[in-house]
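K.L.:
could you look at this predicted model? Sequence included:
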Amino acid sequence: MIESKAMAYVNMFGVLGALENLCVMDKPAKKILAGLKKPVSLCFSVKGGPCATFHFTASGCRMAEGDESCTCKMVFPGPEAFNALIDKSKPGIPAKNPVQVLSFLMGPFTALTNRLTELLRPDEKALKDPAFFEESTILTMYTIAGAISALANTDPISRISAENTVDGEVQLGIANKVAVTIAVRDHHFTTIKAPSQNPRATMEFASVALAHDLFSGTAATMNEMCKGNIRLRGMISMVDNINRILDRVGKYLA
């Protein structure tokens, strides 16, 4: 069962959260931002759900929880309404600087999210380009990392695994390419899009191709572990709990 509130957190911190990484990695995204004449800080505030601000400049995007320093704001009466922004491009209600919020939403923001969709839901032809394949897979990993914490903190089924996870940091990564950190404190999960300085557990995929196959469901985790293509170290129970949450991520991001 998919919970609409948990889905809103996945959409905010997993899907839209990947805009930060898109604007670092992707040339078309950088070109879109290069046209910004002045910074825009767009807040999405969901009643009974998440609130976050996306700070856009000509050089990139930074996401922060809350509405501090936002220059424009859009509010949603509930999680379902916010999810409709992601699924159906249905906007919420402008609550601050409505002219800016609508012009930015319909212009650069839509262009960026369209590009994000191309990478997160690629067609097979696009994936034949090695550079696109790698970028798509790494961006998917960032999205999944954000979704792990979103579900660990809000999804009733994922909360069971979170309640059984000890404090510490788990580093997830693709060998020689990218690493992210899931920090756990008092059963609350936080995603840090950087390697851990002191991981209590580590799970690393041997290659971008393997990560893609695992994310798309065409490779079996246990089989690849037996082959030595998924390297595990440290407190394995932490990784086991995250893998259970990953199963839920797959259902939410399907």
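P.N.:
Great, that's in hand.

K.L.:
and the nearest residue to residue 191 once chain neighbours are set aside, what element?
P.N.:
Nearest residue to residue 191, sequence neighbours excluded (C-beta to C-beta, 6 or more residues apart in numbering): residue 149, at 4.3 Å. C-beta coordinates here come from the backbone N, C-alpha and C atoms, glycine included. Assigned by DSSP states H and E, residue 149 belongs to helix 130-154.

K.L.:
next secondary structure after that helix?
P.N.:
helix 156-163.

K.L.:
which residues touch that following helix?
P.N.:
3, 6, 151-153, 184, 187-189, 241-242, 244-245, 248 (C-beta atoms under 8 Å, 6 or more residues apart in numbering).

K.L.:
ok, back up a step: in the helix holding residue 149, what's buried?
P.N.:
Using 16 or more other C-beta atoms under 10 Å as the test for burial, helix 130-154 gives 132-154.

K.L.:
mind checking the pLDDT average for that helix?
P.N.:
Helix 130-154 shows a mean pLDDT of 98.

K.L.:
please, where are all the helices along the stretch 101-250 of the chain?
P.N.:
110-120, 130-154, 156-163, 208-216, 221-227, 236-252 (DSSP state H, counting those that start in this stretch).

K.L.:
for residue 78, which of these is the nearest?
P.N.:
The closest of the helices of the stretch 101-250 of the chain to residue 78 is helix 130-154. By C-beta to C-beta, the value is 14.1 Å.

K.L.:
residue 144 is in contact with residue 120, correct?
P.N.:
No: look at residue 120 against residue 144 with C-beta atoms under 8 Å: they stay out of range, at 10.1 Å.

K.L.:
what is the most widely separated pair among the contacts of helix 156-163?
P.N.:
3 and 184 (20.9 Å).

K.L.:
of the two, which one has the most company?
P.N.:
residue 184 (22 against 18; other C-beta atoms under 10 Å).

K.L.:
for the residue nearest to residue 136 when sequence neighbours are not counted, give me its contacts.
P.N.:
Closest residue to residue 136 apart from its sequence neighbours, by C-beta to C-beta, 6+ apart: residue 119 at 4.7 Å. Under the criterion of C-beta under 8 Å, 6+ apart, the neighbours of residue 119 are 22, 26, 132, 135, 136, 139, 140.

K.L.:
as CSV, those residues with distance to residue 113 would be great.
P.N.:
CSV is the format used below for those (distance: C-beta to C-beta, whole Å):
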residue, distance to residue 113
22, 9
26, 12
132, 18
135, 16
136, 15
139, 13
140, 15
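
K.L.:
and which of these is nearest residue 205?
P.N.:
Taking the contacts of residue 119 together and measuring to residue 205 by C-beta to C-beta, the closest member is residue 140, at 11.8 Å.

K.L.:
report the separation between the closest one and residue 180.
P.N.:
Noted for residue 140: a distance of 12 Å to residue 180, by C-beta to C-beta, to the nearest Å.

K.L.:
out of the helices of the stretch 101-250 of the chain, which gets nearest to residue 86?
P.N.:
Across the helices of the stretch 101-250 of the chain, closest to residue 86 is helix 110-120 (C-beta to C-beta), at 8.3 Å.

K.L.:
list the buried residues for that closest one?
P.N.:
In helix 110-120, counting by 16+ other C-beta under 10 Å, buried: 111, 112, 113, 115, 116, 119, 120.

K.L.:
now do stretch 216-226
P.N.:
Buried-residue list, stretch 216-226, by 16+ other C-beta under 10 Å: 219, 224.

K.L.:
next one: stretch 152-169
P.N.:
Buried positions in stretch 152-169, judged by neighbour count with 16+ other C-beta under 10 Å: 152, 153, 154, 155, 158, 159, 161, 162, 165, 168, 169.

K.L.:
could you export it as CSV, CA atoms only?
P.N.:
Taking C-alpha atoms only, stretch 152-169 is exported to CSV below (Å, rounded to 0.1, in the frame of the first residue of the first chain):
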residue,chain,number,x,y,z
ALA,A,152,12.2,5.5,6.8
ASN,A,153,10.8,8.5,8.6
THR,A,154,7.2,8.5,7.2
ASP,A,155,6.1,5.2,5.7
PRO,A,156,4.5,2.8,8.3
ILE,A,157,6.1,-0.3,6.9
SER,A,158,9.5,1.3,6.5
ARG,A,159,9.3,2.6,10.0
ILE,A,160,9.5,-1.0,11.3
SER,A,161,12.9,-1.4,9.7
ALA,A,162,14.0,2.1,10.9
GLU,A,163,13.0,1.3,14.5
ASN,A,164,15.3,-1.7,14.3
THR,A,165,18.3,0.2,12.9
VAL,A,166,21.1,1.2,15.3
ASP,A,167,22.7,4.7,15.3
GLY,A,168,25.5,5.3,12.8
GLU,A,169,26.2,6.0,9.2
